[in-house]
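Asks: sequence and computational prediction follow.
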Amino acid sequence: MTKKEFIKFVEKTLDEVKKYAEVHTDQSLPDKFKFKWLRDDCEPVSGRENVINEIVRLVYVQDDKIYPCVNLNIGLEHEYISLTSWIANYKPRPFQKGWSNRPGPFIYCVEQNIISDKIDTKSKAFKNKLIDLGLLHYEKE
């Protein structure tokens with residue numbers, strides 16, 4: 001995968017992260033992002049383009065070397081979707097289906113404190129809704 005293609009993939013990922021958070025919070029969210037790697041040598045960034053660039057900077061090494069397992073922890077901070085992230089300890093490899101059965105390296109994790117009390121995230125209906133929205137890549141139950 002070229003760097004340009006990976007940038008487009010990360011753009012799509014942010015759209016999915018927003019939708020994923022909206023389904024869990026049961027509310028519309030702003031299209032504003034903050035991002036922070038969970039490591040000491042990286043500063044937080046805000047703004048969609050800055051977030052995309054920061055993710056690409058550390059996840060994409062070259063066309064056939066992309067880190068395969070990257071958690072995106074989703075929270076809310078004032079008017080922002082707040083993402084914190086780390087790269088699991090696997091060697092970079094060609095773009096592939098990831099651990100979550102989704103194309104690419106990203107695993108979406110929602111902070112428990114932002115999940116709506118109205119949502120039963122363990123129900124078949126909820127999981128099937130995520131599948132219908134293209135946010136989970138498993139067979140319907």
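Replies: Thanks, I have it. Predicted model, so just to flag it, every value in this text is computed and none were measured.
Asks: what about Leu72, which helix or strand?
Replies: Assigned by DSSP states H and E, Leu72 belongs to strand 70-77.
Asks: and that strand, average pLDDT?
Replies: Taken as a whole, strand 70-77 has a mean pLDDT of 96.
Asks: low-confidence ranges, the protein, go.
Replies: When the per-residue scores of the chain are filtered using pLDDT under 70, no range remains.
Asks: so which residues of it form strands?
Replies: For the chain, applying DSSP state E gives strands covering 33-37, 45-46, 60-62, 65-66, 70-77, 80-87, 106-110.
Asks: identify whichever of those strands lies nearest to Asp132.
Replies: Between Asp132 and the strands of the chain, the shortest separation by C-beta to C-beta is 16.0 Å, and it involves strand 106-110. Placement of C-beta: from N, CA and C, glycine included.
Asks: if we can go back for a sec, what are the buried residues along the strand holding Leu72?
Replies: Residues of strand 70-77 classed as buried by neighbour count (16 or more other C-beta atoms under 10 Å): Val70, Asn71, Leu72, Asn73, Ile74, Gly75, Leu76.
Asks: burial of the closest residue to the last one other than its chain neighbours, as a residue count?
Replies: The reference is to Leu76. In this structure, Leu76 finds its nearest non-sequential neighbour in Ile114, 5.2 Å apart by C-beta to C-beta, 6 or more residues apart in numbering. Applying the criterion other C-beta atoms under 10 Å, we find 16 residues in the vicinity of Ile114.
Asks: what's near enough to touch Ile114?
Replies: Ala21, His24, Thr25, Ile74, Gly75, Leu76 (C-beta atoms under 8 Å, 6 or more residues apart in numbering).
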